[in-house]
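> Provided below for reference: sequence and predicted model.
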Amino acid sequence: MVDHLLAAGAQDVRALSNHPERTNFPAGVEVVKGYLKRVSSLPAAFEGVDRMYLAPVLETIDEVVAAAKAAGVRHIVDLSGNEYTDWQPIARAVENSGLDWTHLYAGEFTENATIWADQIRAGDVLPDAYPEAANAPLVMDDIARVAAAVLLSDGHAGKAYELTGPETLTRAEKIKQLGAALGRPLRMVKVSREEAIQQLTPAMGEYAEWYVDGLATMVEHPQQANTIIADLTGAPATTFAQWAAANTALFQ
């Protein structure tokens, strides 16, 4: 997001990092040491800030927002989620602060496709309980583009933007597109719910059942793509195929 801010001509950009010595921000960016889970580090970091992007950290959200308000922040752009997600407390805390706010609601990240990396390395056939489950995944860099655009323009206060990728795809279609990028005939085969949970448990533990049952809801209620990313930034959202072509090394 810092890169997008600078590319758009922003000045007086401050970046928060728990380990500034590990960062490589461009010249002209003020880097300050701080961490959202270490609230005592924030008042000095927030001092003099007018508009702030808030990353999704649930544990300290109330204290973080209070520190931002006390430091004089006027507008918070948060990455959170609607009332059907675990991230709604972030949006609620920001609204309750009395500051101007803009919510960025994101669904599944395209980068989550790396969950299939080990299976793809092992073979061309991937078992799945719900190959027909569909959503509109979005690339994280597109969220950063939106956040930068909102921070640098007016008219977004009190708005909640449901961000999606540019197209709704089934899980089987995603695998096919990954195969095209890799030059391999990847495909999905349907297995039972129980078998899918068993296969995912070594990597996901107790969340495997929750994950698989979540996929089931996207069979009858697929997420519909919208154009909000393009509308807000002036450039279309990244397609799954574009992301796959640029990230083949993650699956090889």
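Cool, got the structure.
> list the buried residues in the longest helix along the chain.
Counting by DSSP state H, the longest helix found in the chain is helix 207-220. Going by neighbour count (16 or more other C-beta atoms under 10 Å), the buried part of helix 207-220 is Ala208, Glu209, Val212, Leu215, Met218. For the C-beta atoms, the positions are set from N, CA and C on the backbone; glycine is no exception.
> and stretch 64-75, by the same measure?
Buried, per 16+ other C-beta under 10 Å, within stretch 64-75: Val64, Val65, Ala67, Ala68, Ala71, Val73, His75.
> let's have those residues in a markdown table, adding distance to Lys37 and pLDDT.
Formatted as a markdown table, the buried residues of stretch 64-75 follow (distance: C-beta to C-beta, whole Å; pLDDT from 0 to 100):
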| residue | distance to Lys37 | pLDDT |
| --- | --- | --- |
| Val64 | 9 | 98 |
| Val65 | 14 | 98 |
| Ala67 | 12 | 97 |
| Ala68 | 15 | 98 |
| Ala71 | 18 | 97 |
| Val73 | 18 | 98 |
| His75 | 23 | 98 |
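> of the residues you listed, which belong to helices?
Cross-referencing the buried residues of stretch 64-75 against helices under DSSP H gives Val64, Val65, Ala67, Ala68, Ala71.
> where along the protein do the strands fall?
Counting by DSSP state E, residue ranges of the strands within the chain are 14-17, 30-33, 51-54, 75-80, 100-106, 125-128, 134-135, 159-163, 169-170, 187-190.
> now tabulate the ones you listed in JSON lines and tack on distance to Ser153.
Below are those laid out as JSON lines (distance: least, C-beta to C-beta, whole Å):
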{"stretch": "strand 14-17", "distance to Ser153": "19"}
{"stretch": "strand 30-33", "distance to Ser153": "22"}
{"stretch": "strand 51-54", "distance to Ser153": "10"}
{"stretch": "strand 75-80", "distance to Ser153": "11"}
{"stretch": "strand 100-106", "distance to Ser153": "10"}
{"stretch": "strand 125-128", "distance to Ser153": "41"}
{"stretch": "strand 134-135", "distance to Ser153": "28"}
{"stretch": "strand 159-163", "distance to Ser153": "11"}
{"stretch": "strand 169-170", "distance to Ser153": "30"}
{"stretch": "strand 187-190", "distance to Ser153": "42"}
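> all good on my end, thank you.
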